[in-house]
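In: could you look at this predicted model? Sequence included:
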Amino acid sequence: MRFDVELARMARAGLLLVAVAVSCHGPAPGAPAPQGSSGVAIRVNQLGYRPDAPKVAVVCALEPRVIATFRVVDERDRTVFGPSAADAAGPFGPCATTYRLDFSTLDRPGVYRVVAAGASSLPVRIADDVYRGAADSLLAYLREQRSGYNPVFQDSVHQRTDGVLVDHPTRSGEFIPVSGGWADASDYLQYGATTAHATTMLLLAYRDHPGAFADRFQANGLPGANGIPDVLDEARWGLAWLVKMYPENDLLLNQLGDDRDHAFWDVPVHDSADYGWGRGGRRPVYPCTGKPQGLFEYRNRSTGFASTAGKYAAAFALGSQLFRERDSVFVRRLADRARAVYALGAAHPGVCQTAPARSPYFYEEDDWADDMELGAAELYALTADPTYLDAALRYAALEPVSPWMGRDTARHYEWYPWHNNGHYEIWRVGPDSAKRLAAEYYRRGLEAVAGRARNGFRIGIPFIWCSNNLLASFATQATFYRRMTGDSSYLEYETAALDWLLGANPWGVSMVIGLGANYPRTPHSVVAQQLHLQLTGGLVDGPVYRSIFQNLRGIRLLEADEYAPFNTGFIVYHDDVGDYSTNEPIMDGTANLAYMLAGWAVASSPHACPECGGSATLQRRRSP
Ligand SMILES: [Ca+2]
Ligand SMILES: [Ca+2]
């Protein structure tokens, strides 16, 4: 996530305005124009719908409209469903009126359109395989974000610059080799917390849905099969960096680079950032210290090590399980690192936040029990040592519900990760009493979000920065809960979250670059802009409250807003390279979504999730 692009400074550097003047690219050729010129837009999931899944299109009418019925037509314009009643669902954001158009019982594979009030949706595909390959396509963005050797540039990125230890009580100035990992967003900062969460989600996605992933790339990210599913190649890229970021038992590194990176808008192989060692020189690496951090006027509010330590422990312990058949040396190293970093977190409870430099923004993570819970649960799965399970349950009781759930707002990354994987991992390995408790914890969070979701889009999250990440997490938690209990009470909200991310939102935009018919064409990405490159697979931040868009520093739209009619409400989204608040691809959100997309790709496969039993299929909630 880019905090503070400060376009003025980029312009001063002479880079941005030149780039814009040269490229001046509007929507790419072939991008469908946003619909809604008639004032009625019918929004759908642009990937499509599985035959057994709920299927609901949403009408966003910009003026009050009475719409009684809708139909679904095939490619020859023949009605195949309806007329059926449109379900009025009230106003939402820019929509004076919304309607939900439920065609769930249409299960014959084909390509259709949903029509009502003289308007038509984009084509809608119904098929078993609509999610096939979607999770793999997200990996393309992670490969593009690689630091160290980068397969897009076929060159090294920050290979010799990373990094110089800073803010350490006794060892500042020491060089520690930490090249690797992924750039966090369109800047080149790298964070242990987001990388560990992303790595964990990739590992879980493979563990639970191996059939969703292919092998088309090598370990270095270049094309070519290597006998290893690409999701594991990518997870290993993350693990390898995290091992470097935890080089000694009592030295836990948390952040590479800082917001001084934002002074220049240039591609990673020519990064001009100057951290005091010359332009393009070495980059600082920050350890967790348990104390507030910041080398200049701003400070974070760090209090301990546990938020980062728990995440590293989980990634290491999971990696140690999943590479067992492939690399015994790596597996032993990961197991050793998992135990050590978990012990460090247990000894230093509290949060290790990211460090601000010249701007006031940082990741303000405020919870750590969730992270230690997950670390303990994965260590129990790895070692069968019951003290880890006891600890996981104690940590779980400290934060049963992710605190953002049910709220209107939160600080930036205040409750991170956005869902607590620990409860699901306890459910997989714990006794019946623990299983019931874990499911109840999830239910309470889902209920809190669903209670705020009585709008036409069935969306109940707060629209803080990275709202798409929250939606991916909410949907993931709902999936876990459904799998744990067989209770489909929240399936409507789970699918609504996924549908929103893939186009069923007021703007009709799939929030994943390259997926669906209408996705972000001008993301906030220097690589895409300067190389005229079509990125693939990145999940963008997503819509935010208008007040957030207006108050962040340095945002300026660089082209006419093609979605202006839909940016009149309390939330806004802009497909504009200048809007880093809504249109910047994010590494952790992309990896987070991989779990969901993998699950939906293989949900009906009997081999997809052995522990899930029959509840993994997409049964609609039965009417009482
Ligand atoms: Ca591979
Ligand atoms: Ca946390």
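Out: In hand now; what should we look at? Ligands and ions are numbered 1, 2, ... in the order given.

In: count of neighbours near the residue nearest to Phe92 when sequence neighbours are not counted?
Out: Setting aside the residues directly before and after it, Phe92 is nearest to Asn455 in space (CB to CB, 6 or more residues apart in numbering), at 4.3 Å. Bear in mind the C-beta positions are built from the backbone N, C-alpha and C, glycine included. Neighbour count for Asn455, taken as other CB atoms under 10 Å: 18.

In: for Asn455, helix, strand, or coil?
Out: Under DSSP: H, G, I helix; E, B strand; the rest coil, Asn455 falls in the coil class.

In: show residues contacting the strand or helix carrying Ala135.
Out: Using DSSP states H and E, the element containing Ala135 is helix 134-144. Where contact means CB atoms under 8 Å, 6 or more residues apart in numbering, the residues beyond helix 134-144 that reach it are 47, 150-152, 182, 198, 205, 209, 212-214, 216-217, 221, 230-231, 234, 237, 512-515, 527, 535-539, 585, 587, 590-591, 593-594, 597-598, 600-601.

In: and it, which residues are buried?
Out: For helix 134-144, the neighbour count (16 or more other CB atoms under 10 Å) marks Ala134, Ala135, Asp136, Ser137, Leu138, Leu139, Ala140, Tyr141, Leu142, Arg143, Glu144 as buried.

In: quick check: the fourth one vs Met587, distance?
Out: Remark: distance between Ser137 and Met587 (CB to CB, to the nearest Å) = 15 Å.

In: report how many residues lie close to the residue lying closest to Pro177 once chain neighbours are set aside.
Out: In space, and not counting its chain neighbours, Pro177 is closest to Lys244: 6.6 Å by CB to CB, 6+ apart. Each residue near Lys244 was counted by other CB under 10 Å, and the total is 20.

In: and what of the one 10 residues further on?
Out: Neighbours of Asn254 under the rule other CB under 10 Å: 27.

In: which ones are touching it?
Out: Asn254 sits next to Tyr191, Gly192, Ala193, Met245, Tyr286, Pro287, Cys288, Thr308, Cys352, Thr354, Ala355 when contact means CB under 8 Å, 6+ apart.

In: so which strand or helix has the third one?
Out: Spelled out, that is Ala193. Using DSSP H and E, Ala193 sits within helix 192-208.

In: kindly export the helix or strand encompassing Arg333 (C-alpha atoms) in CSV.
Out: Assigned by DSSP H and E, Arg333 belongs to helix 328-347. Extracted in CSV, the C-alpha atoms of helix 328-347 (Å, rounded to 0.1, in the frame of the first residue of the first chain):
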residue,chain,number,x,y,z
SER,A,328,14.1,-31.7,4.4
VAL,A,329,16.8,-29.2,5.0
PHE,A,330,14.5,-26.2,4.4
VAL,A,331,11.8,-27.9,6.5
ARG,A,332,14.1,-28.3,9.5
ARG,A,333,15.3,-24.7,9.2
LEU,A,334,11.7,-23.4,9.1
ALA,A,335,10.7,-25.5,12.1
ASP,A,336,13.7,-24.1,14.1
ARG,A,337,12.8,-20.6,13.1
ALA,A,338,9.1,-21.1,14.0
ARG,A,339,9.9,-22.2,17.5
ALA,A,340,12.4,-19.5,18.1
VAL,A,341,10.3,-16.5,16.8
TYR,A,342,7.2,-17.7,18.6
ALA,A,343,9.2,-17.8,21.9
LEU,A,344,10.4,-14.3,21.2
GLY,A,345,6.8,-13.1,20.7
ALA,A,346,5.7,-14.8,23.9
ALA,A,347,8.4,-13.1,25.8
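
In: helices and strands around it, which ones?
Out: The helices and strands touching helix 328-347, judged by 3 or more CB pairs under 8 Å, 6 or more residues apart in numbering; DSSP states H and E, are helix 230-244, helix 306-322, helix 369-383.

In: and the longest one with helix 230-244, angle?
Out: Computed by axes from the mean of the first three to the mean of the last three CA atoms, to 10 degrees, the angle separating helix 306-322 from helix 230-244 equals 130 degrees.

In: so helix 306-322 versus helix 369-383, what angle?
Out: Going by the same axes, to 10 degrees, helix 306-322 makes 20 degrees with helix 369-383.

In: quick one: average pLDDT of helix 306-322?
Out: What helix 306-322 shows for mean pLDDT is 98.

In: what do you get for stretch 543-553?
Out: 91.

In: contacting residues around the one residue in the stretch 301-450 of the chain that gets nearest to ligand 2?
Out: Nearest residue of the stretch 301-450 of the chain to ligand 2, counting by CB to the ion: Asp367, 4.1 Å away. By CB under 8 Å, 6+ apart, the contact list for Asp367 reads Ser307, Val351, Glu399, Pro403, Glu414, Trp415, Tyr416.

In: could you do Ile67 as well?
Out: By CB under 8 Å, 6+ apart, the residues touching Ile67 are Val40, Val59, Ala61, Ala86, Ala88, Thr97, Tyr99, Ala116, Ala117.

In: which pLDDT value belongs to the residue in the stretch 501-624 of the chain that ligand 1 sits nearest to?
Out: Among the residues of the stretch 501-624 of the chain, Ala594 lies closest to ligand 1, at 15.0 Å counting by CB to the ion. Here the pLDDT value assigned to Ala594 is 97.

In: and the helix or strand hosting it with helix 134-144, angle?
Out: Following DSSP H and E, the helix or strand that holds Ala594 is helix 587-602. Angle, helix 587-602 to helix 134-144, by the same axes, to 10 degrees: 160 degrees.

In: give me the buried positions along helix 587-602.
Out: 587-602.

In: where's whichever residue of the stretch 251-400 of the chain sits closest to ligand 1 relative to Leu535, distance?
Out: Here the residue of the stretch 251-400 of the chain nearest ligand 1 is Arg326; by CB to the ion that distance is 11.6 Å. According to CB to CB, Arg326 and Leu535 sit 30 Å apart.
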